[in-house]
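K.L.:
when you get a sec, could you give me coordinates for this:
(chains A and B)
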Amino acid sequence: MFDVKEVGGTNVVYLKGEVNAQSGVELKNHVLEIFKKTNTVVLSFKGVMYMNSSGLREIIDLLKRSKKENKNLRLCDMSNDIKEMFAFTGLDKVFKIYSDESQALKG
Amino acid sequence: MDVLLDKEKKVLSIKMPQDIDVKDFKSAKEQIDKYPDISEVKLDFKDVPYLQSKLIAELIGIKKYSISKDIKLTLTNVQEGVQQILEISDLLDHFTIKRDFGSYSPHELSYLLLDPEMNEAVIEYIASNFNENYAELLEQFFVSDDPVLIESAILIIGKSHNYGYVDRVKDCLDSPYPNVVRSAILVLGWFGEDSCKNKIYEFLKDEHIDVAEAAAATIALLSDENDSIAIKEYLSSSDERLRKIAIQALSLINDDFAYKFLVEHLKVENNETLRVQLAKAISYFNKPEVSDILLDMLKEDSLKIREAAASSLIRIKATDRVDQIMALVEDKDVWVAYFAVKAIGALCKEKRCSDQLEKIYSKVDTQVRIAIIESLGNIGQDVSEFLFQLLEDPNEDIRKEALNSISRMNKDLAIESANNALKDSSWVVRFKAIEILEELKPDGFKDTLKNHVKTETNRYVKEKIFSIVGEL
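P.N.:
Now for the predicted structure:
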């Protein structure tokens, strides 16, 4: 569902396949665990093939909870279709979205 | 002169006065000396409308001083008058100039919100730094008659996830201003506030399409098993904008009903743009038959639809459909073949795919040949000998693409080919050769480029070489 790699001291979570209610909850819990040890997490959408509203709701909840803890959640490597999905719901203005991983790591 | 030290970030902020003079730069230097541990100095020009030319020397002096102390110097909130002086003096590139909203009072920020170029950044700033002062400001915005300020207040609440204001946001659904209603609908979606979903449904029929779109998006975000059925109605609207919104919403809801409705709608939708939208929307359903639907769409008359189908097949990694796609690479319609070849290049990594593309190369149109060369590079099997022959092709695009694909599979041959290609008659090919040498960095490549630039006639190629080796 996702891989985690540390790149230059920052945790990058690579989402894979489908982001739905189940994988979204697992992702959220995992990232919240990472946030106990660090302040910034990058979510890479490069491997996302499918995403639905339930998955998106979990990512919104993750953002809400990370903001509450003053943590930085950055999103990157979205295909145009995924970007459209975020723009459709106005969430492109809520999340910090970067074109690629290197930009997201710079912040 | 106000001075603020952020010890944690080691940043010293110095606010320059309106009637700025030489003495202010001197005291700025003294302030820098007081804090030996700082790594950045921000000179805030928010109150400085103009800079006399005699002060330019002082500014350069403080820049040099900060460099000598290994401290980053940033000029913040530079006004247009000061910016112009720096531009005329050819100094703009020598200074880092940024906006720092932290220097502005809440009252001043409310004015900046009315500037369309500033609005989004100010909303982001207030949302990220929300405190009691800004809470008071929001109250003022909500009772104001200005739709921009009310909309800004709602977006600040949404971005800062400030659930305490949810009732205020709900009240805004009754606002006479479409922009206010739209932002309220979106924020209620972000908040997961499904108690007002029925009310939001009413806005699907709103005369302002932005409001209807926000309503569809929020319903999709808050969706349960009944929402696809309700949204379906809008697929048969005579307004194509509403049909587009319905397609997007159903794709996001992504349940079995939504899938069924979209597939049914594909049979009757004639609008090209909406068929493109449908290809994308359907590709977001994780169902085995989706690949077949996209394969059929690959054969449609519209180039845009074929492109959307091909890129969707690639995105869903339809590797199990490689054989069916391969059957289309020799299609009599050049563009069907073109997109099929592109899809093969992205989906297959096996030798059988590169063998097949190599085999049909001589039988297909030039456009498809270029796609084959590119796909061979993507597949990654070493077919460099085949590509090497193409470096003699009369078509410059074929030579360029062959050079590029060789560089992806055989480094030694790529270096040899790129060095030879510097003598190519086409500047496009020479440019590609230089890009490859820059990427692969063979021993002495900078000397090779320096020698080549002496005889190079094309401006773009010369500029490319200069960017690698520096001006000679």
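K.L.:
in chain A, where's the longest strand?
P.N.:
strand A:40-51 (DSSP state E).
K.L.:
so which elements touch that strand?
P.N.:
strand A:10-19, helix A:21-35, strand A:72-76, helix A:80-88, helix A:101-106 (3 or more CB pairs under 8 Å, 6 or more residues apart in numbering or on different chains; DSSP states H and E). No exception for glycine: its C-beta is placed from N, CA and C like everyone else's.
K.L.:
so which of these gets nearest B:V180?
P.N.:
Proximity to B:V180, assessed across the helices and strands packed on strand A:40-51 by CB to CB, is greatest for helix A:80-88 (19.6 Å).
K.L.:
low-confidence bits of chain B, can you list those?
P.N.:
B:1-8, B:471-472 (pLDDT under 70).
K.L.:
check it for the residue nearest chain A and tell me.
P.N.:
Closest residue of chain B to chain A, CB to the nearest CB: B:N254 (3.4 Å).
K.L.:
how many residues are close by that residue?
P.N.:
26 (other CB atoms under 10 Å in any protein chain shown).
K.L.:
excluding its backbone neighbours, what's nearest it?
P.N.:
Leaving aside its chain neighbours, B:N254 sits nearest to A:N52 (3.4 Å; criterion: CB to CB, 6 or more residues apart in numbering or on different chains).
K.L.:
so that neighbour versus B:L250, what's the distance?
P.N.:
Distance, A:N52 to B:L250, by CB to CB, to the nearest Å: 11 Å.
K.L.:
ok, the two, which is more surrounded?
P.N.:
B:L250 (31 against 24).
K.L.:
isn't that one up against B:K260?
P.N.:
No - B:L250 lies out of contact with B:K260 (CB atoms under 8 Å); the separation is 9.7 Å.
K.L.:
close to chain B: what parts of chain A are there?
P.N.:
For chain A, the residues in contact with chain B (CB under 8 Å from any CB of the partner chain) are A:18, A:20, A:49-54, A:56-57, A:60-61, A:63-64, A:67-68, A:79, A:81, A:84-85, A:88-91, A:93-94.
K.L.:
confirm B:K317 sits in a helix?
P.N.:
No - counting by DSSP: H, G, I helix; E, B strand; the rest coil, B:K317 is not part of a helix but coil.
K.L.:
for the longest helix seen in chain B, packing partners?
P.N.:
Ordering each helix of chain B by length in residues (DSSP state H) puts helix B:53-68 first. Packing partners of helix B:53-68 (3+ CB pairs under 8 Å, 6+ apart): helix B:22-34, strand B:72-76, helix B:80-88.
K.L.:
so is the shortest one next to chain A?
P.N.:
No - contact between strand B:72-76 and chain A, assessed by CB under 8 Å from any CB, is absent, since the two come no nearer than 15.5 Å.
K.L.:
can you give the strand pairings for that strand, parallel or anti for each?
P.N.:
strand B:40-44 (parallel), strand B:96-98 (parallel) (DSSP bridges).
K.L.:
so which of the ones you listed is the most packed in?
P.N.:
strand B:40-44 (a mean of 22; mean count of other CB atoms under 10 Å in any protein chain shown).
K.L.:
what sits up against that one?
P.N.:
B:9-16, B:28, B:32, B:62, B:66, B:71-77, B:98, B:100, B:103 (CB atoms under 8 Å, 6 or more residues apart in numbering or on different chains).
K.L.:
could you do stretch B:76-83 as well?
P.N.:
Here stretch B:76-83 makes contact (CB under 8 Å, 6+ apart) with B:13, B:42-46, B:48-51, B:86, B:92, B:97-100, B:103-104.
K.L.:
what's the span of stretch B:195-214, first residue to last?
P.N.:
Taking CA to CA, to the nearest Å, the first and last residues of stretch B:195-214 lie 16 Å apart.
K.L.:
give me the distance between that stretch and the centre of its chain.
P.N.:
28 Å (CA atoms, centre = their mean, to the nearest Å).
K.L.:
buried residues, that stretch. List them.
P.N.:
Within stretch B:195-214, the residues that count as buried by 16 or more other CB atoms under 10 Å in any protein chain shown are B:C196, B:K197, B:I200, B:Y201, B:F203, B:L204, B:D206, B:V211, B:A212, B:E213, B:A214.
K.L.:
element containing the second one, please.
P.N.:
Put plainly, it is B:K197. helix B:197-202 (DSSP states H and E).
K.L.:
residue closest to the middle of chain A?
P.N.:
A:L43 (3.5 Å; CA atoms, centre = their mean).
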